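Participant: Predicted coordinates and the sequence they were generated for:
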Amino acid sequence: MASSTALMEDRMERSPNPGSPPGNSLEGQLESFSLLPHKTEEENEETAQTATPGVSDILSVRGETSENTPMGTSGQSKKGIVDMLYNNRPKELETRPRYIDAHPEARLVLQAFFSAVLAEEPEDVYAFARQYFSQRVKVPKEELLRPLVICGPSGVGKGTLMNMLFEEFGGYFGFSVSHTTRAPRPGEVEGVHYNFTSRDAMEAAIEEGRFLEFARVHTNLYGTSLEAVRQVQRAGKVCVLDIDVQGVIKVKETDVNPHYVFIAPPSVEHLEARLRGRGTESAKDIETRLGAARAEIEYGLAKGNFEHVVVNDTLEKAYADLKTTLVGFYSHLAAKTA
Ligand SMILES: Nc1ncnc2c1ncn2[C@@H]1O[C@H](COP(=O)(O)OP(=O)(O)OP(=O)(O)O)[C@@H](O)[C@H]1O
């Protein structure tokens, strides 16, 4: 089996076609890291000298004409780097398709990140990278995975089914971080448990249409911002939106373009039994939920409102149906189920 380092190198670069144009060759690709229009050659030289040897080697390969001109503090030449990455590659990797050819966007993302680091020269590069990659990478809209709306009356089993889904497909799905105007409770972390914000700021954002849905609970506002959904999408995950029918109606007015799945109970009697069996609501609360459920089920089963209805009768059958539906929506899940 090939070593992981060898595999990584192979994924970074391997040219099956020795006659390919310079822009496609390893040298051409390394040269394309020279995205430093805001810096002079002297400044770049200085950056190369202060960076770690590996980074400086790559950054210092910037279009000099002589193949063997020493560059950077390590004196590593362009040819030396090419040798370093090309030589000793295990033979068994030769037949693999080149990853980078299928994903030219990887190079664009890294180039932009290097440029940003050199422009801003952050003290804490890890913190900078975290912020950069969570907020600033512009994924083309057509590349983003469509969110998933899961809707159904209270007690139908949405949470149960989503837990099963997250257990099997953990890294593929994510929830957006909600905003709230309430104060953080001990242990709650900004941006993790909630995005804590002021009432004025949140009302202004709602007014500007930057919220997908929101609700007033007592004196506070809670809601899902479009940006929070985008963050999950930019992380390459399907953003799950567990929302009620009112939320669905609002989402349909936006350009979020999710897939819509409704979870229905086999009957209202089943729903009532589950709500009572869960034992988390008062009798009065259960009545209120059942009252709302009838209209929600009517909306959920009406033709055209949802792409698919899962009837949560037997849990295993319902989950299998949900899974098949989701693999149909998101083809990349098939690799996980294979
Ligand atoms: N197919 C099923 N058969 C029997 N019980 C079920 C089934 N699915 C879920 N339940 C049970 O029904 C109760 C309600 O399920 P769950 O909490 O997942 O509902 P929910 O739709 O997420 O509700 P809410 O919207 O109020 O959070 C739970 O006690 C759960 O164990």
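Facilitator: That came through fine. Since the structure is predicted, the reported quantities are computational estimates derived from the model, not experimental observations.
Participant: okay, now the domains of the chain?
Facilitator: Domain ranges of the chain: 22-140, 142-176+209-214+223-337, per automatic domain parsing.
Participant: which regions of this protein sit below the pLDDT cut-off?
Facilitator: 1-98, 135-139, 338 (pLDDT under 70).
Participant: what helices or strands is the longest helix along it leaning on?
Facilitator: Criterion DSSP state H: the longest helix present in the chain is helix 283-301. Applying 3 or more Cβ pairs under 8 Å, 6 or more residues apart in numbering; DSSP states H and E, we find helix 283-301 packed against helix 245-251, strand 259-264, helix 268-278. All C-beta atoms are positioned from the backbone trio N, CA, C, and that covers glycine.
Participant: What angle do strand 259-264 and the longest one make with each other?
Facilitator: For helix 268-278 against strand 259-264, the angle by axes from the mean of the first three to the mean of the last three Cα atoms, to 10 degrees is 90 degrees.
Participant: Helix 268-278 close to the ligand?
Facilitator: Yes: residues of helix 268-278 are located near the ligand by Cβ under 6 Å from any ligand atom, namely 274, 277-278.
Participant: which helices and strands sit right next to that helix?
Facilitator: helix 283-301.
Participant: Now the element after the helix it packs on, going C-ward?
Facilitator: Using DSSP states H and E, the next helix or strand after helix 283-301 towards the C-terminus is strand 308-311.
Participant: on contacts alone, who are the packing partners of that following strand?
Facilitator: Counting contacts by 3+ Cβ pairs under 8 Å, 6+ apart, strand 308-311 packs against strand 259-264, helix 315-329.
Participant: Grab the nearest non-local neighbour of V309.
Facilitator: Residue nearest to V309 in three dimensions, not counting chain neighbours: F262, with 4.8 Å by Cβ to Cβ, 6 or more residues apart in numbering.
Participant: Run a quick neighbour tally on E272.
Facilitator: By other Cβ atoms under 10 Å, 17 other residues sit near E272.
Participant: Revised request: answer the last question for T314.
Facilitator: Residues near T314, counting by other Cβ under 10 Å, number 10.
Participant: Repeat that for M162.
Facilitator: Per other Cβ under 10 Å, the neighbour tally for M162 reads 18.
Participant: these two touch, right, it and V240?
Facilitator: Yes: at 6.5 Å, M162 counts as touching V240 under the criterion of Cβ atoms under 8 Å.
Participant: show me what contacts the residue in the stretch 1-150 of the chain that the ligand sits nearest to?
Facilitator: Closest to the ligand within the stretch 1-150 of the chain is I150: 8.9 Å, counting by Cβ to the nearest ligand atom. Residues in contact with I150, defined by Cβ atoms under 8 Å, 6 or more residues apart in numbering, are 158, 161-162, 240-243, 261, 263.
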